[in-house]
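Undergrad: based on what follows, work out the 3D shape:
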Amino acid sequence: MTFFDIVNPYGAVFAVVLALPHIIYRRTHTIDRSRYDNKAMYYLDRMARFACLVLMAFHTGILERGFTEPKELMKRFWLIAAAVLLLVYLVLWALYFKQPRKQLARVIAGVSAAAVVLSGILQVNTLLFTFGLVYFIGELYIISKQPL
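TA: Next up is the predicted model:
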């Protein structure tokens, strides 16, 4: 078993890019957790986000088959599609930092969830796909409770 059988280097880079704006936002803004009526939904969102990042960066072998045939073409398509989605994601975050709006936050959540779900579909990774959907639902809940 080699290092790359366990670690997905491209997925790790994508996971870091997905996590950085959230980390920066949390460092620069205080979040009042008391406004979330449903604490389970809040923590489910956080767990799903963490699970997505881990599953993008590491191969678990659980409910994971890898790319379908033709593998090289599917891998190339995944790299290009995920890179474009992440570029759009970073541009949207830059706009959000400039002027926060709820509508923009929803689009950011949709783009990030699309990148995760697309990765789950193309890599035939059922856990990543499922956690991507849970993450999207949780993010929509979090955004709905944010005052903007």
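Undergrad: all helices for this structure, in order.
TA: Assigned helices in the chain, in chain order: 3-6, 9-28, 39-57, 71-98, 102-122, 126-145 (criterion: DSSP state H).
Undergrad: format the ones you listed as TSV; extra columns: mean neighbour count.
TA: All C-beta atoms are positioned from the backbone trio N, CA, C, and that covers glycine. Below are the helices of the chain laid out as TSV (neighbours: other CB atoms under 10 Å):
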stretch	mean neighbour count
helix 3-6	9
helix 9-28	15
helix 39-57	18
helix 71-98	15
helix 102-122	19
helix 126-145	19
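Undergrad: relative to R65, which of those helices is closest?
TA: helix 126-145 (8.6 Å; CB to CB).
Undergrad: I'd like the mean pLDDT over that closest one, please.
TA: For helix 126-145, the mean per-residue pLDDT is 92.
Undergrad: one more: stretch 32-44?
TA: 84.
Undergrad: show the end-to-end separation of that stretch, please.
TA: Terminal residues of stretch 32-44 are spaced 17 Å apart (CA to CA, to the nearest Å).
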